[in-house]
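# Provided below for reference: sequence and predicted model.
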Amino acid sequence: MITLIYHNPECGTSRNTLAMMRQSGEEPHVIEYLKTPPTREKLVELIAAMHITPRDLLRRKGTPYDALGLDDSKTDAELIDAMLAHPILINRPIVVTEMGTRLCRPSELVLGLLPNPITTFTKEDGETVSLNAPTL
């Protein structure tokens with residue numbers, strides 16, 4: 001299985017997650033989901049694999065969330081429609097490995113998806129964290 005990251009290079013959490021993966025010996029296939037958004041089928045598959053709801057995957061900050069009235073009652077299908085029409089609404093990064101699929105916020109959550117996770121990492125902001133791989 002190919003390891004994947006649905007990545008936004010403008011996002012610090014996404015960059016930190018990718019760096020942790022690489023420092024752990026993984027070279028994932030990077031999908032810049034704003035340039036290459038997932039299909040409806042793939043988005044539904046990712047949501048199911050993460051055991052979350054479409055609402056759990058919505059990003060509010062820096063998106064048209066409020067303008068689209070997404071706080072109002074919406075069906076899962078309507079929320080997925082909004083994410084497909086405006087991929088910036090999809091929270092990131094999403095990581096897919098043989099060990100599972102997860103929205104990696106905070107970035108340290110990626111360690112539970114890696115076979116040989118690092119134990120110490122310095123984030124872009126200079127914060128050094130000692131990490132234990134969280135369980136799924």
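Happy to help now that I have it.

# shaky segments in the chain?
By pLDDT under 70, the low-scoring segments of the chain are 132-136.

# try 50
For the chain, applying pLDDT under 50 flags the ranges 133, 135-136.

# where do the strands sit along it?
4-7, 29-32, 94-97, 100-103, 120-122, 128-130 (DSSP state E).

# right, so those: which one is the most enclosed?
Compared across the strands of the chain, strand 94-97 shows the largest average neighbour count, a mean of 24 (mean count of other C-beta atoms under 10 Å). The C-beta positions use only the backbone N, C-alpha and C, and glycine is treated the same way.

# what about the residue lying closest to Arg55 once chain neighbours are set aside, neighbour count?
Nearest residue to Arg55 in three dimensions, chain neighbours excluded: Leu79, at 5.9 Å (C-beta to C-beta, 6 or more residues apart in numbering). When neighbours are defined as other C-beta atoms under 10 Å, Leu79 has 20 of them.

# Run through the residues that contact Leu79.
Contacts for Leu79 (C-beta atoms under 8 Å, 6 or more residues apart in numbering) come out as Pro54, Arg55, Leu58, Leu70.

# Now which of the residues you listed would you call buried?
The neighbour-count test (16 or more other C-beta atoms under 10 Å) applied to these identifies Pro54, Leu58, Leu70 as buried.

# Could you measure from the spatially closest residue to the first one that is not a sequence neighbour over to Thr122?
By that I understand Pro54. Excluding the flanking residues, the one nearest Pro54 by C-beta to C-beta, 6+ apart is Leu79, at 4.0 Å. To Thr122, Leu79 is 36 Å away according to C-beta to C-beta, to the nearest Å.

# thinking again about what came up before, tell me the one among the contacts of Leu79 nearest to Leu109.
Closest to Leu109 out of the contacts of Leu79 is Leu58 (17.7 Å), distances taken as C-beta to C-beta.
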